[in-house]
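A.B. asks: what follows is a protein structure lacking sequence information:
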C-alpha cells in the first residue's frame with residue numbers, strides 16, 4: 001500500500017472516529033439534560049437547588065469519550081438543564097460539571113474500574129466545593145451555603161455514583177467500550 005493510500009485511509013478513519021465521538025457527545029449531552037432536568041428531578045431547599053442523577057451520565061460520558069468530548073457533553077448537558085430549571089446556577093454548573101469529568105479514565109477496556117469508582121468520590125468533593133463557592137457568591141452566606149450545599153450534593157452524588165456503577169456494570173457485560181472502539 002502506498003504512503004498516499006495509507007494517509008487517505010487514516011484520514012477517513014480519523015474523520016469517522018470524530019463523527020462517532022461528536023454523535024455520542026450530543027447523545028450524552030441530551031441524556032444529561034433529561035436526567036438532570038426531568039427524570040428524578042427533586043427540588044430541595046429555598047436556593048433553587050435540586051437532586052438529580054444526571055451526574056451518573058456525566059460519569060459515563062467521562063469514561064466512554066475522550067476528555068475534550070466528555071467536557072463538552074457535561075457542560076452542554078448540565079448547562080442546558082440549569083437554563084431550563086434554575087438559570088442562576090448555569091455558569092457555575094457549566095464549570096463544575098466539566099471539572100467532575102477529569103478524575104475518570106477512558107483508557108481502560110471496562111467502565112467500572114477501581115479508579116472510576118474512586119473518581120465518584122472525587123467528583124462529589126469537586127461538586128460540593130464548587131457549589132458551596134457558587135452559593136456563597138450568589139447568596140453571600142457561609143453557614144446556610146455549607147449545610148444546604150454539602151447535604152444536597154452528598155445525596156445527589158451518592159445516587160449518581162450508584163446509578164453509574166449499575167449502568168456501568170450492565171454496559172461492561174455487553175462489552176460496550178470494545179464495541180465502540182471497533183466501529
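C.D. replies: Received, thanks. Predicted model, so just to flag it, every value in this text is computed and none were measured.
A.B. asks: the most centrally placed residue in the chain is in what secondary structure piece?
C.D. replies: The chain has residue 58 as the residue nearest its centroid, 1.6 Å off, counting by C-alpha atoms, centre = their mean. Per DSSP states H and E, residue 58 falls inside helix 54-64.
A.B. asks: remind me what that helix packs against, helices and strands.
C.D. replies: Judged by 3 or more C-beta pairs under 8 Å, 6 or more residues apart in numbering; DSSP states H and E, helix 54-64 is in contact with helix 3-37, helix 67-85, helix 114-139, helix 142-173, helix 176-182. No exception for glycine: its C-beta is placed from N, CA and C like everyone else's.
A.B. asks: if we use 10 Å, what do you get?
C.D. replies: Packing partners of helix 54-64 (3 or more C-beta pairs under 10 Å, 6 or more residues apart in numbering; DSSP states H and E): helix 3-37, helix 67-85, helix 90-99, helix 114-139, helix 142-173, helix 176-182.
A.B. asks: was I right about the residue nearest to the centre of the chain contacting residue 77?
C.D. replies: Yes - between residue 58 and residue 77 a contact is recorded at 7.0 Å, counting by C-beta atoms under 10 Å.
A.B. asks: which residues do those two both contact?
C.D. replies: Common neighbours of residue 58 and residue 77 (criterion: C-beta atoms under 10 Å, 6 or more residues apart in numbering): 28-29, 31-32, 35-36, 97.
A.B. asks: list only buried entries from these.
C.D. replies: By neighbour count, with 16 or more other C-beta atoms under 10 Å, the shared contacts of residue 58 and residue 77 hold 28-29, 31-32, 35-36, 97 as buried.
A.B. asks: tell me which two of the residues you listed sit farthest apart.
C.D. replies: 31 and 97 (13.2 Å; C-beta to C-beta).
A.B. asks: so what sits against both of those two?
C.D. replies: Counting by C-beta under 10 Å, 6+ apart, the common neighbours of residue 31 and residue 97 are 54, 58, 61, 73, 77.
A.B. asks: just the closest of these to residue 163, please.
C.D. replies: The closest of these, once distances to residue 163 are taken by C-beta to C-beta, is residue 54, at 9.6 Å.
A.B. asks: quick one: residues contacting the closest residue in space to that closest one that isn't next to it in sequence.
C.D. replies: Once flanking residues are discounted, residue 54 sits nearest to residue 36: 3.0 Å by C-beta to C-beta, 6 or more residues apart in numbering. Shown in contact with residue 36 (C-beta under 10 Å, 6+ apart): 50, 52-55, 57-58, 77-82, 84-85, 93, 97, 156.
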